[in-house]
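# Let's see this in three dimensions:
(one chain, ligands or ions: 4)
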Amino acid sequence: AKENGGNGLELYMPSLGSRNDERFTMETGLRRALDRGEFSLLFQPQFHLATGELYGAEALLRWETPEGRQIPPCEFIPLAEETGLIIPIGQWVLEQACLACKRWYDNGHTSLIVSVNISALQFQSDLFPDAVRQVLRQTGTDPTRLCLEITEYTAVQNLERSIRILKELAGIGVKFAIDDFGTGQSQLVLLRKFPAHHIKIDTTFIRDMMEQPDDEAIVRAVIGLSHSLGLTVTAEGVETEGQMHKLRQMNCDRIQGYYTGRPMTSSQFKAWTKRLNLA
Ligand code: C2E
Ligand code: CA
Ligand code: CA
Ligand code: CA
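Numbering: from 1, shown residues only. Ligands and ions are numbered 1, 2, ... in the order given. Coordinates of the predicted model:
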């Protein structure tokens, strides 16, 4: 009956099956990607708004399969988190980012900061603080050149523990940024309880800031509030000169976005001694 029933079930099942196959294939691929060297890091420049000087770069993970398919992080990071693979992958990212930062440093760019995205599972792992210290030691990276980006969601998972980890690593000079600030369930209390160093205002506010007075008001308020609490602010997703000028008027500390530079390889970034023209 099941084999030859014509009730439309067969029409539905194969498509569901293929979606599962695709996911399965991606998961198997993800498991092999580290061993096969399919991951790479790109670096997107960040600038000081007051001086136009280069501040550093955010490391962004890329995956190219052997078939030459580029899989965007928004597709594979969630799967890496679900499967726990984000822990070894995140460790690799941290290592590569520190190695790149050490190379910039050895080339005379001693003030550049490398920012690394840390996922919730990775941050909450018992081994995390030791893993960070070990990577810093093994790569010879100055801890004060490293900034860890975590989201509000990650920080509030287990707030007391998050604060402990932050204090422990901040004690050796590592900086922390709260990523994607303003998205999700923002808890203002986090800013008071969680002694991070920087805030990154999410792209969505910057994108609509020029047309939407509400978004402009939010950006202005977040900058003011952050400064009163002793935090510095990076605006993400800056795509136009107009946005840059407005953010500068608002006393935003740093910008990152396509306007000042797309994500690029470590060697492209190293050779890239551009300074912003703020005129
Ligand atoms: P994110 O941390 O918010 O990173 C910023 C994203 O905005 C990057 O996307 C970057 O390429 C993009 N972007 C930069 N400037 C502009 C702009 O001017 N306009 C627009 N529209 N977009 C801009 P990407 O590289 O696709 O990464 C997406 C997300 O994947 C990241 O968001 C982060 O949450 C996650 N991710 C990337 N690399 C890693 C990693 O190594 N570890 C972990 N755990 N997550 C990562
Ligand atoms: Ca980030
Ligand atoms: Ca972000
Ligand atoms: Ca984001």
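# residues in the protein within reach of ligand 3, list them.
179, 180 (C-beta under 5 Å from the ion). C-betas here are computed from N, CA, C, even on glycine.
# can you do 6 Å?
Residues of the chain found near ligand 3 (C-beta under 6 Å from the ion) are 179, 180, 200, 236.
# Describe which strands the helix or strand hosting the third one pairs with in its sheet and in which direction.
For residue 200, the host element (DSSP states H and E) is strand 198-201. Within its sheet, strand 198-201 is paired with strand 175-181 (parallel), strand 232-235 (parallel), according to DSSP bridges.
# now what about the shortest one, what contacts it?
Where contact means C-beta atoms under 8 Å, 6 or more residues apart in numbering, the residues beyond strand 232-235 that reach it are 46, 177, 197-201, 206, 219, 222-223, 226-227, 243, 247, 252-257.
# Check whether residue 173 really touches residue 148, as I assumed.
No. Contact criterion C-beta atoms under 8 Å: residue 173 and residue 148 do not qualify, at 11.8 Å.
# Those two: which is more packed in?
For the pair residue 173 and residue 148, the greater number of neighbours falls to residue 148 (24 against 12), based on other C-beta atoms under 10 Å.
# Residues contacting the helix or strand hosting that one, please?
Using DSSP H and E, residue 148 falls within strand 146-151. Residues outside strand 146-151 that contact it (C-beta under 8 Å, 6+ apart): 56, 58, 97-98, 101, 113-118, 120, 123, 132, 136, 162, 169, 174-180, 184, 197-198, 200.
# hang on, the earlier thing: quick one, which of the strands paired with strand 198-201 gets closest to residue 140.
Of all those, strand 175-181 sits nearest to residue 140, with 18.3 Å by C-beta to C-beta.
# Report all helices and strands that the next helix or strand after the closest one contacts.
Using DSSP H and E, the helix or strand that follows strand 175-181 in sequence is helix 188-193. Judged by 3 or more C-beta pairs under 8 Å, 6 or more residues apart in numbering; DSSP states H and E, helix 188-193 is in contact with helix 152-156, helix 159-170, helix 213-228.
# who in this structure is up against ligand 2?
Contact residues (C-beta under 6 Å from the ion) of the chain with ligand 2: 58, 117, 149, 179.
# got TSV for the residues you listed, with neighbour count too?
Listed next are those as TSV, based on neighbours: other C-beta atoms under 10 Å:
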residue	neighbour count
58	25
117	22
149	21
179	26
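# Run a quick check on residue 269 versus residue 54, I expect a contact.
No. Residue 269 lies out of contact with residue 54 (C-beta under 8 Å); the separation is 9.2 Å.
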